[in-house]
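Peer 1: Build me a structure from this.
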Amino acid sequence: MKNWLKRSFALVMSVILIAGLMCTGVSAAEDRPVKVELDGRAVSFTDAEPQVLDGRTYVPFRAVFEALGAEVGFDESARTVSAKRNGTTVIIPIDSHEITVNANGVVYTDYMDAAAYVGETGRTYIPVRYAAEALGCCVGWDADDRTVILVDTQSLVNQAVEKNEFSLLEKYTDYANKFSQGNYEIKMTMDMAATVLATEVMGINCTAEGVMAGGNAGEISMTMNMDLAGLVELLYKLADADEAMKKEMTDALAEAGIKDMKMEVSVQVRMDMGKGTMYMNMSGVPGMDAVLPVDTWLFIDIGELLDELGGYGVDLLDMDYTSFSIQDFVAPLINEMNYIYDKDSAYDEIKTQVDTIVAAFADSAFVKNGQSYTNTQKLEEAGLKISFRLDTNAAGEVVGYETGADMTFSLEEMGLDEYDMTAINELGKQLGVTLKPDDLKLSLRSGLNDQNRETLKLELSMGNLVLLTIDADGTYTPTTKLPNTGLPAGAKSVSLEQLLMSQYE
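Peer 2: Numbers count the residues shown, from 1 in each chain. Prediction:
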């Protein structure tokens with residue numbers, strides 16, 4: 001009995017001791033100082049160290065941003081700190097959750113979940129992630145080493161660009177610019193068909209015409225002839241409807257204004273991206289009159305809408321569409337894609353990604369065939385192949401292009417197993433057809449030739465479970481006509497906000 005008690009007591013004490021050591025170890029780990037590494041090198045702090053408060057990491061703003069080569073400033077009267085680099089200025093008010101960024105003239109304000117503050121030593125501390133990302137850095141946290149990881153993605157992009165030539169991309173930009181500078185009369189047609197569960201459910205024929213000016217203002221009229229008879233028949237079969245149920249469903253559709261499952265929908269759009277305005281009028285949609293009367297135009301404040309959807313530093317109304325810069329999008333793309341957590345490998349991983357993406361746009365990525373240059377990129381993990389062909393004239397100027405995308409996902413990659421296949425077979429029996437699922441395939445081709453004729457072909461299939469095809473053809477003809485971008489005289493309008501609010505009243 002005594003031995004049993006001794007062993008039990010020893011066991012209990014061992015557990016308590018181990019638990020105590022573990023707690024001490026955690027506490028000791030949390031007491032370790034926070035470090036900051038930029039591009040794999042430690043950032044030194046002379047009179048103020050990084051701090052962790054409420055789970056957020058704060059750094060003395062001057063040391064970090066001077067290490068990035070930024071010009072730092074402090075406005076005592078406004079109580080703001082700032083950092084400026086490569087045309088981007090970041091302004092952070094002390095004791096505020098807002099950060100203002102001016103990126104080459106495009107200004108936006110973002111919300112931070114932590115506020116800058118002045119420490120006991122008089123040094124200003126900022127939440128490092130927001131400002132560093134705005135200045136083109138990828139930001140991460142190595143929990144094991146208690147290290148803030150900064151990778152200067154923007155500098156890596158600049159270095160990669162300097163190692164490559166981009167004359168073909170520059171020629172394409174010049175070619176695209178003419179469509180954003182002149183006025184063009186547009187005429188287009190489009191045919192779309194869809195098959196679902198071996199049943200043709202939809203057919204749409206669309207015609208559109210109008211005028212575009214400067215690439216950001218336009219007036220477009222569209223007419224869509226739609227046939228949805230197959231969709232209704234499929235719904236009958238899926239519901240296993242008898243004659244009584246079919247009649248009930250048919251009556252309900254007729255009450256909604258859908259009688260022969262065919263309809264003609266007309267849409268008119270007038271927009272001015274410079275002013276941030278869009279007007280749209282629609283007719284022919286069953287039940288639409290109850291929501292938006294035929295004689296009323298819907299007004300959409302594009303600027304306000306983008307403000308609500310934004311917050312990522314991209315202002316579509318102020319962007320310069322006449323120029324293309326790899327630096328403008330590669331660094332934000334890389335930083336958005338990545339979460340880095342290992343200080344020892346982060347820099348090399350980001351550098352490899354930057355070099356790969358930048359090289360994909362370089363002249364060396366294009367293969368010449370006659371007067372054409374084709375760039376093909378494969379993303380094996382996604383089963384995706386992307387192609388971009390530029391057609392040039394004798395002077396070497398780009399006069400047309402074609403983009404293409406092909407993607408394939410196998411049934412296994414989509415997670416379909418024997419249970420799913422059995423369910424598909426049973427569904428086929430219910431519908432009276434043989435369903436044959438196959439790999440999910442996407443094929444897309446879109447381009448513009450030297451006669452300003454635009455074509456688009458898309459096919460999405462998964463055996464006879466799904467088949468969607470789109471075939472569009474159109475022309476751009478230079479014109480002196482100007483589009484009507486405002487509300488027609490005497491017409492009534494309702495804002496998108498008013499329309500949405502009315503549905504809840």
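
Peer 1: Are there helices or strands packed against the helix or strand that contains residue 252, and which ones?
Peer 2: Following DSSP states H and E, one finds residue 252 within helix 243-255. On a contact count with 3 or more Cβ pairs under 8 Å, 6 or more residues apart in numbering; DSSP states H and E, helix 243-255 meets helix 229-238. Glycine gets a C-beta too; all of them are placed from N, C-alpha and C.

Peer 1: which residues touch the helix holding residue 252?
Peer 2: For helix 243-255, contacts defined as Cβ atoms under 8 Å, 6 or more residues apart in numbering pick out 232, 235, 236, 239, 241, 259, 261.

Peer 1: Looks like the last one contacts residue 234 (just checking).
Peer 2: So the one you mean is residue 261. No. In this structure residue 261 lies outside contact range of residue 234 using Cβ atoms under 8 Å: 11.4 Å.

Peer 1: Neighbour count: those two, which is higher?
Peer 2: A direct count of neighbours by other Cβ atoms under 10 Å for residue 261 and residue 234 places residue 234 higher, at 20 against 16.

Peer 1: roughly how far apart are the more buried one and residue 165?
Peer 2: 54 Å (Cβ to Cβ, to the nearest Å).

Peer 1: ok, now residue 485?
Peer 2: From residue 485 to residue 165 the distance is 40 Å (Cβ to Cβ).

Peer 1: and the contacts of helix 243-255 as a markdown table, adding distance to residue 333 and pLDDT?
Peer 2: Below are the contacts of helix 243-255 laid out as a markdown table (distance: Cβ to Cβ, whole Å; pLDDT from 0 to 100):
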| residue | distance to residue 333 | pLDDT |
| --- | --- | --- |
| 232 | 44 | 83 |
| 235 | 42 | 84 |
| 236 | 47 | 83 |
| 239 | 46 | 83 |
| 241 | 49 | 75 |
| 259 | 49 | 69 |
| 261 | 44 | 77 |
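
Peer 1: rewinding a little: residue 485 and residue 165: who's more crowded?
Peer 2: Taking other Cβ under 10 Å, residue 485 and residue 165 do not tie; residue 485 has more neighbours (21 against 11).

Peer 1: Hmm, residue 268 and that one touching each other?
Peer 2: No. With contact defined as Cβ under 8 Å, residue 485 does not reach residue 268; the gap is 11.9 Å.

Peer 1: Mutual contacts of the two, please.
Peer 2: residue 219.

Peer 1: quick one, what contacts the spatially most central residue of the chain?
Peer 2: The chain has residue 333 as the residue nearest its centroid, 9.7 Å off, counting by Cα atoms, centre = their mean. Contacts for residue 333 (Cβ under 8 Å, 6+ apart) come out as residue 357.

Peer 1: where exactly do the strands run in the stretch 51-200 of the chain?
Peer 2: In the stretch 51-200 of the chain, the segments counted as strands under DSSP state E, counting those that start in this stretch are 51-53, 56-60, 71-75, 80-85, 88-93, 98-103, 106-111, 117-118, 124-127, 138-142, 147-151, 183-196, 199-213.

Peer 1: Out of those strands, flag the one nearest residue 464.
Peer 2: Set against residue 464 and scored by Cβ to Cβ, the strands of the stretch 51-200 of the chain come closest in strand 183-196, at 7.0 Å.

Peer 1: which secondary structure elements does the closest one contact?
Peer 2: Using 3+ Cβ pairs under 8 Å, 6+ apart: strand 183-196 touches strand 199-213, strand 466-478.

Peer 1: And the first one, what's buried?
Peer 2: The neighbour-count criterion (16 or more other Cβ atoms under 10 Å) identifies 199-204, 206, 208-213 as the buried residues of strand 199-213.

Peer 1: Among those residues, which one sits closest to residue 190?
Peer 2: residue 206 (4.3 Å).

Peer 1: Okay, and the beta partners of the closest one?
Peer 2: Note on residue 206: beta-bridge partners by DSSP bridges are residue 190, residue 224.

Peer 1: still on that earlier bit, which of the contacts of helix 243-255 count as buried?
Peer 2: Buried among these by 16+ other Cβ under 10 Å: 232, 261.

Peer 1: and which of the contacts of helix 243-255 is nearest residue 386?
Peer 2: For the contacts of helix 243-255, the nearest to residue 386 is residue 235 (36.9 Å; Cβ to Cβ).

Peer 1: so who does that closest one touch?
Peer 2: With Cβ under 8 Å, 6+ apart, residue 235 has these contacts: 241, 249.

Peer 1: Distance check, it against residue 339.
Peer 2: Taken as Cβ to Cβ, the span from residue 235 to residue 339 is 44 Å.
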